[in-house]
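Participant: give me the fold of what follows.
(chains A and B)
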Number of protein chains: 2
Amino acid sequence: MNRQIVLRERPAAMVDESTTSLIEVPVPMCGPGQALVKVGMLSIDPTIRTWMNDAPGYLPPIEVGGVIRSSGAGVVVESQSERYRVGDIVYGMTNWQEWVIADETNRFSVVPTGLGVDLAMVMNVLGATGITAYFGLLEVGQFRAGDTVVVSGAAGATGSVVGQLAKARGAGRVVGIAGGPQKCAEVVELYGFDDCLDYREPGLSRRLRAACPGGVDLYFDNVGGEVLDAALAAIAMHGRVVLCGAISQYNVSGHPRGVANTSMLISRRGSMRGFIVLDYLDRSEEAQAVLASMVHDGTLVHREHLVSGLEHAPEALNLLFSGGNHGKTLVVVDESVTLA
Amino acid sequence: MNRQIVLRERPAAMVDESTTSLIEVPVPMCGPGQALVKVGMLSIDPTIRTWMNDAPGYLPPIEVGGVIRSSGAGVVVESQSERYRVGDIVYGMTNWQEWVIADETNRFSVVPTGLGVDLAMVMNVLGATGITAYFGLLEVGQFRAGDTVVVSGAAGATGSVVGQLAKARGAGRVVGIAGGPQKCAEVVELYGFDDCLDYREPGLSRRLRAACPGGVDLYFDNVGGEVLDAALAAIAMHGRVVLCGAISQYNVSGHPRGVANTSMLISRRGSMRGFIVLDYLDRSEEAQAVLASMVHDGTLVHREHLVSGLEHAPEALNLLFSGGNHGKTLVVVDESVTLA
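Facilitator: Down below sits the predicted model:
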């Protein structure tokens, strides 16, 4: 049988027991042009929460009764497709289930073996997370050496890569924003940021201006809301804001808290630009080559937070919002699926 | 004597009788390298209200007791400068007063005569207003033929030029947003927009989406607040927002209403960029040549709202916020100052 987690009821705030159901359906049949994939690992990303809402987005909402949408990796166990061979490790939209059909419509990519990396790394710094950080900082944010860079969600999977990449490329100063003293210490000690501010303490706006005396040249935003507002208040002349995510807003029901300081973009001639990593996936190899070499020479530290068992995927998702995770959150569905 | 309007007390909301005082001081003496200018006309712009606040901006706040900062035009009546000849009509920061010294520090520009235009036009479509519209639409907004363009403050001095310029350059559709049925009619009938929505009526967000079925490619924002939020909700893929002003927020004391829909910039891969016309003044001639030819061939309609008497400048400023003006608001300080 194929165990699946489906959307039972759209959540108004955090995901809880009434949001999802674990069901069993027959393992799908592999037809011509298709491959049957045994799912090994799921990538748990904040954007999954946005897909649960009945709201316009960059992808259609998950239907009630449908399997929760998610990227993941697995191994090909049966193939009637020329794209996939039995034993291939593949990466794509597995969704929250144990088995998935790969075909021309969902186009999984085959993960190369022999690179000396493990599957968790492929799902983190060499996957969509690292690619997001790379293009978000360098292309969307038009990073320049010497920039004062501020990153929110700095202890998170994407934020930690953004800061390290900025340091490696010659940033003048890299300041993180994270939740709680432990995360802030991690951002400085583990990921090598110059400073990290705890957004849970009062006076973020004032502290941010103090931490960036010349203003913020580039703000990479993963959280939205009040933290985005504080960064706008500290923006430098010609400063750039990269909107990558707005995790602080995803569980807010009703009208989200607005951003009051957009006028700072006028007086400082600033800009703000949103992006979705999907638009850069055809250039993944460029990012992966840089990120892999940084991992190998030790300049890119990464951490994965593994949660075992498909049935724990909803709780794993909530960790992103409670801050209970450390590093990239992954659910291990089948630990026997590994990169050779 | 030189009559001046000075800042008596910083306003918390709209300017009222306690905000300014009319005082008389001696006419300034013209020294070496200087010219004495008799002020003829003042340009009344929303940004003047922002300079009255004790808040960081693109220029320092007006000091309490200081003359209200403002651009304007006048005639040179005495000169010990090689830049200015007696009889020259000059344009620059006259401030709210009857006499001003022009010198190397404030660098007035000499308005060419014999162009067949009057002084009010120089203060409107051929002045900072027209230059703002030109560079805001074409450079900051990266306008492209075929774009669906939405302009707020569409009956206003800047907005009306933006819409007409977009039409002239081949916009697919130009929709204005203005306050009240009379202004909306003016935007369509006088300025030739395809449609105009009254922001005072309910459901702006829904009506805007209906008026722009393919989404908003370029939104030129003069007002901020709720109208900006509605435009963000209707933004097209790769849509651009130009932040020119935020007139709805200038009289708000305390925390302004926030913009809730910034996340639309993520899902639609949109961008938002602020600018100040000061950065484009060295390229004024490029804009003025285009705008003058449009005025002469009748494709650029402009309207000026003249208020007589320096002492009425504060009320003239309030007209911008009450919507009581029609077209560019100018205060006539001395009607004898004209372009030959």
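Participant: mind listing the strands in the stretch 1-150 of chain A by residue range?
Facilitator: A:2-7, A:20-25, A:35-43, A:72-79, A:89-92, A:99-102, A:109-110, A:148-152 (DSSP state E, counting those that start in this stretch).
Participant: tell me the helices and strands packed up against the first one.
Facilitator: Just to be clear, that refers to strand A:2-7. For strand A:2-7, the packing partners by 3 or more Cβ pairs under 8 Å, 6 or more residues apart in numbering or on different chains; DSSP states H and E come out as strand A:20-25. Any C-beta I mention is one placed from the backbone N, CA and C, and that applies to glycine too.
Participant: quick one: strands adjacent to the strand it packs on?
Facilitator: Paired with strand A:20-25 in the same sheet, following DSSP bridges, are strand A:2-7 (antiparallel).
Participant: need the strands of the stretch 1-150 of chain A in TSV with mean neighbour count, distance to A:Val277 and mean pLDDT, can you?
Facilitator: Below are those laid out as TSV (neighbours: other Cβ atoms under 10 Å in any protein chain shown; distance: least, Cβ to Cβ, whole Å; pLDDT from 0 to 100):
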stretch	mean neighbour count	distance to A:Val277	mean pLDDT
strand A:2-7	20	23	98
strand A:20-25	15	25	98
strand A:35-43	25	12	98
strand A:72-79	22	16	97
strand A:89-92	21	13	94
strand A:99-102	23	20	97
strand A:109-110	16	14	92
strand A:148-152	31	16	98
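Participant: switch those strands over to JSON lines; also include distance to B:Asp16.
Facilitator: Output for the strands of the stretch 1-150 of chain A, formatted as JSON lines (distance: least, Cβ to Cβ, whole Å):
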{"stretch": "strand A:2-7", "distance to B:Asp16": "56"}
{"stretch": "strand A:20-25", "distance to B:Asp16": "58"}
{"stretch": "strand A:35-43", "distance to B:Asp16": "58"}
{"stretch": "strand A:72-79", "distance to B:Asp16": "63"}
{"stretch": "strand A:89-92", "distance to B:Asp16": "64"}
{"stretch": "strand A:99-102", "distance to B:Asp16": "67"}
{"stretch": "strand A:109-110", "distance to B:Asp16": "65"}
{"stretch": "strand A:148-152", "distance to B:Asp16": "40"}
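Participant: out of the ones you listed, which comes closest to A:Val140?
Facilitator: Between A:Val140 and the strands of the stretch 1-150 of chain A, the tightest spacing by Cβ to Cβ is seen for strand A:148-152, at 13.0 Å.
Participant: I figured A:Asn106 hits A:Asn95, correct?
Facilitator: No. Judged on Cβ atoms under 8 Å, A:Asn106 makes no contact with A:Asn95 at a distance of 9.5 Å.
Participant: neighbour count: those two, which is higher?
Facilitator: With neighbours defined as other Cβ atoms under 10 Å in any protein chain shown, A:Asn106 and A:Asn95 compare such that A:Asn95 has more, 20 against 12.
Participant: list the contacts of the more buried one.
Facilitator: A:Gln4, A:Val67, A:Ile68, A:Arg69, A:Ser70, A:Gly72 (Cβ atoms under 8 Å, 6 or more residues apart in numbering or on different chains).
Participant: just give the closest residue to it, not the sequence neighbours.
Facilitator: A:Val67 (4.4 Å; Cβ to Cβ, 6 or more residues apart in numbering or on different chains).
Participant: what does chain A have sitting close to chain B?
Facilitator: A:56-58, A:224, A:228-229, A:243-246, A:249, A:255-260, A:262-276, A:279 (Cβ under 8 Å from any Cβ of the partner chain).
Participant: residue in chain A nearest to chain B?
Facilitator: Chain A approaches chain B most closely through A:Gly258 (1.9 Å), counting by Cβ to the nearest Cβ.
Participant: residues touching that residue, list them.
Facilitator: Contacts for A:Gly258 (Cβ under 8 Å, 6+ apart) come out as B:Asp229, B:Arg257, B:Gly258, B:Val259, B:Ala260.
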